[in-house]
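# Sequence below, structure please.
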Amino acid sequence: RLYSMTKPVTGIAAMLLIEDGRMALDQPIADFLPAFANMNVQTTPDGSITDVRPAKGPITVRQLLTHTAGLGYNIITKGPLLEEYNKLGINPAAVSKTPIPGFPMPAPTPSIDEFARRVASLPLIAEPGTVWSYSIGLDLLGYVIQVASGMEFGAFLKKNMFDPLGMKSSYFTVPQSEVARLSTNYAPFAGALIPIDPAQDSIFTVPPAFPFGGAGLVSSAADY
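Numbers count the residues shown, from 1 in each chain. Have a look, this model is predicted:
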């Protein structure tokens, strides 16, 4: 489970398109996702989601790559915006099929187009380009890559990165033929290690709502 080490892979995918001239680092993402054309910013970070002001500038590809777009993350964000992220299923990650003690279960993650629409409907935590804050930027970038390339994001990675590099053990969904190679994932609770994602019934054997560019890949050390 690569979890957030999926992010550099998504970054490389973006740079392939930039190298080909199909998008630019400082290009507004609204060129690909029009819903992001007129974003609002929270007047007080982690405060009200209705006390907002218009953003002074657009979100760019570079800002998604560098966590400076003003987007949130449900492992970082606090207050009313976190509540909205959880309520709207803005949780592009897979950890376990069962609830983990101490962590609330957010609503189901929607399809990528609906995910992007919901993100665009909420305010940013800061003006684009002004603050570094760990975010869902790389998950959203996966959709930008999909639109810019005309290919589903997972298919784009397979054709343009995994197959050319011989990465035969990298997946967003682990096929049944490879489940025997998947490790069980444990986490400590009350002084004991608990199997939160058993290999044979792993959440990574079930297709995700979309390929999570921020935390969705399973791979091998050799592939990575």
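# would you list every one of the strands in the chain?
40-42, 52-54, 185-189, 192-197 (DSSP state E).
# tell me which strands and helices the longest one is in contact with?
Right, the one you point to is strand 192-197. strand 185-189 (3 or more C-beta pairs under 8 Å, 6 or more residues apart in numbering; DSSP states H and E). C-betas here are computed from N, CA, C, even on glycine.
# Could you tell me how many residues sit around the residue nearest to residue 104 when sequence neighbours are not counted?
Closest residue to residue 104 apart from its sequence neighbours, by C-beta to C-beta, 6 or more residues apart in numbering: residue 86 at 6.4 Å. For residue 86, the neighbour count with other C-beta atoms under 10 Å is 16.
# ok, residue 86 - contacts?
The neighbourhood of residue 86, defined by C-beta atoms under 8 Å, 6 or more residues apart in numbering, consists of 74, 104, 106, 107.
# top of the residues you listed by neighbour count?
That'd be residue 74 among the contacts of residue 86, by other C-beta under 10 Å, with 20 neighbours.
# pLDDT score for the nearest residue to that residue once chain neighbours are set aside?
Excluding its sequence neighbours, the residue lying closest to residue 74 (C-beta to C-beta, 6+ apart) is residue 85, at 4.8 Å. On the pLDDT scale, residue 85 is placed at 95.
# Contact partners for residue 85?
72, 74, 77, 91, 106, 122.
# how about stretch 172-187: buried residues?
Going by neighbour count (16 or more other C-beta atoms under 10 Å), the buried part of stretch 172-187 is 172, 173, 174, 182, 185.
# In TSV: these, plus distance to residue 48 and pLDDT.
As requested, the buried residues of stretch 172-187 are exported to TSV (distance: C-beta to C-beta, whole Å; pLDDT from 0 to 100):
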residue	distance to residue 48	pLDDT
172	36	98
173	39	98
174	42	97
182	43	97
185	37	96
